[in-house]
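Kindly return the folded structure for what I paste below:
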Amino acid sequence: MVSSIANSLGFGSGIDTQQLVKDLAAASREPKVERVNELYKKNQVKISAVAQAKSDLEGFANSLSQMVSDGTLRSTPTVSDDSILSATSRAGLSADSFAATIEVTQLARAQTVYSGIVADKAAPIGQGTMTLTVGGVAKTITIGATNDSLDGLANAINASGAGVTASIVADEGGHRIIMKGPTGAANSFTLETATPALAGFAYGSGGGMTLGQSATNAEFTLDGVAFSRASNIVDDVVPGMSLTLKKAAPGQPVDIGASRPLDMIKQTVGDFVDVYNQLKKSLQSASAMSGATTGLRELERELQALVSKVLTSHGSINKLSDIGIGSTKDGLLSLDSAKLDKALAADAGAVEALFNPRRDAAHTEATDPGIAFALDAIRDKAIAADGVLDRVSKSLSEKGETLAEQLEKIEEREDAYEARLEKQFGGLDAKLAALKATQTYLEQQIEMWNSQND
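All right, here's what the predicted structure looks like:
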């Protein structure tokens, strides 16, 4: 311990060996550590750039898809009297040419029947079988010892899968069972039995149940053409529009039409250009860095191709370039507002269809993908497992791990090097101390010899 302290203080040689060892170790360690740390920092910047590009791509595609799915870019129906009917839009509504008059003469109704009053809904009503027939389809209802009650009958009907709902309601003096079927004339029903004890709860050929209302179809005309539907929600008459009939109003025609969100479409076109350019810059930033960037450049080319990609089956307005979106020399997008206005004036429906494509037998995702579907396809391919962004991210992560391992090994080697220096300089200092002691002894002897000769 004394030798170690002495060595550290340089008592033997007069040299500060401890500081010398630190300086020599630092001179060896710092350039190597600094080089690896710099590479690690650059790699982290690349990882951040790729993550930002991925986030921008997902946000871009998701926000556009959301606008399409929630109807923000879709033409909306107009109704002159919403107390009679209401209308909502679906993909396929052609706002340019659509206008019609509807007259609702009858609403679709469900058949209802009800029983007489039963004093105790838990009391036995009789055991046996009943046949519930809805639209020609028969179901067997069994009442046995475990469900012999008004409650048991209702539960058995509800569990039959016939589409008829049974409810127990309180009435003066007790309870009664009410049965209700689906709407539409074809969904009328009977409940029959050969068990006398259950006859009070039968309806059809005799029986004690009373008809509340009959099942009927909705009856209406569209521009004078008669239609009949089993439901008051009608999706298959007006392309792109769902109608909800609210009340019968013979002699009160309702005008329906559609309004196109032109301002929102124009804003979305401008927003598309702005957000695309933000994404493009993120990808350029990631691609500009060294490393695995071939895939990123391919992703840039796929996005660039959106401008000229055919997105709908319209004859003249079917690409983003047809509505004024073009590419600049640096790969960003620009918008020619005059060309957009001209396209909207010529065929606003075709412009809308680029973002909100029609969907019917003639307009499918294959013929009319629309910009949102096309962008989703690029996003899904890029972020999928082993997609370009996944591959680049994994490559950069692996490189970061390798650099971290290199740094750890450098530290281990440099610690060992510093330990060797400490040992070597410690031994040197001890030898110098011994030599110095010998020198002092010799000097003393020579001095004695000289004094004796005087």
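
alpha carbons only for contacts and neighbour counts from here, please
Will do.

The host helix or strand of G400 - contacts with which helices or strands?
Using DSSP states H and E, G400 sits in helix 388-453. Packed against helix 388-453 by the contact rule (3 or more C-alpha pairs under 8 Å, 6 or more residues apart in numbering; DSSP states H and E) you find helix 2-9, helix 17-69, helix 294-304, helix 370-383.

What separation do you get for V234 and A249?
17 Å (C-alpha to C-alpha, to the nearest Å).

now the residue nearest in space to the middle of the chain: how far from W449?
Centroid-nearest residue in the chain: N62, 6.6 Å away (criterion: C-alpha atoms, centre = their mean). Distance of N62 to W449, computed by C-alpha to C-alpha: 101 Å.

Assign the closest residue to T131 other than its chain neighbours to helix, strand or coil.
Excluding the flanking residues, the one nearest T131 by C-alpha to C-alpha, 6 or more residues apart in numbering is T140, at 4.8 Å. Using DSSP: H, G, I helix; E, B strand; the rest coil, the structure places T140 in strand.

mean confidence for the helix holding G400?
The predicted model assigns helix 388-453 a mean pLDDT of 74.

ok, now stretch 117-137?
pLDDT averaged over stretch 117-137 gives 94.

ok, and for that stretch, which residues are buried?
117-118, 121, 124-134 (16 or more other C-alpha atoms under 10 Å).

got the contact list for S337?
G324 (C-alpha atoms under 8 Å, 6 or more residues apart in numbering).

Identify the residues contacting stretch 299-317?
So stretch 299-317 is contacted by 280, 283, 318-323, 325-327, 331, 343, 350-351, 353-354, 357, 363, 367-371, 374-375, 378, 382, 388 (C-alpha under 8 Å, 6+ apart).

Buried only: go through those for me.
280, 283, 318-323, 325-326, 343, 350-351, 353-354, 357, 368-371, 374-375, 378, 382, 388.

can you pull the contacts of S83?
S83 neighbours (C-alpha under 8 Å, 6+ apart): K246, K247.

Make sure it is indeed in a helix.
No - S83 sits outside any helix when classified using three-state DSSP, being coil.

Now do the phi/psi pair for it.
phi -80, psi -20 (degrees, to the nearest 10).

State the pLDDT value of it.
97.

Also A348?
Reading off the model, A348 has pLDDT 86.

need the contact list for S149.
K121, A122, A123, P124, I125, G126.

from memory the fifth one sits against A197, does it?
Yes - counting by C-alpha atoms under 8 Å, a contact exists between I125 and A197, whose distance comes to 6.9 Å.

on that earlier part again, excluding chain neighbours, what is closest to the residue nearest to the centre of the chain?
D376 (7.8 Å).

List the contacts of that neighbour.
Per C-alpha under 8 Å, 6+ apart, neighbours of D376: A61, N62, S65.

and the buried residues of stretch 117-137, which two are the farthest apart?
Using C-alpha to C-alpha, the pair of the buried residues of stretch 117-137 lying farthest apart is P124 and V134, separated by 26.2 Å.

Past the strand ranked longest in the chain, which element shows up next along the chain?
In the chain, taking DSSP state E as the definition, the longest strand is strand 174-183. Sequence order places strand 189-193 as the next helix or strand after strand 174-183, per DSSP H and E.

returning to that earlier point: neighbours around the residue nearest to T131, how many?
17 (other C-alpha atoms under 10 Å).

ok, now the one 10 residues further on?
Per other C-alpha under 10 Å, the neighbour tally for L150 reads 24.

Wait, it touches I117, no?
No - applying C-alpha under 8 Å as the test, L150 and I117 come out as separate, 10.4 Å apart.

Rounded mean pLDDT for stretch 224-238, please.
Computed over stretch 224-238, the average pLDDT equals 95.

Just the endpoints, please. Distance across it?
With C-alpha to C-alpha, one end of stretch 224-238 sits 14 Å from the other.

picking up where we left off before, and the pLDDT at the residue nearest to N62?
91.
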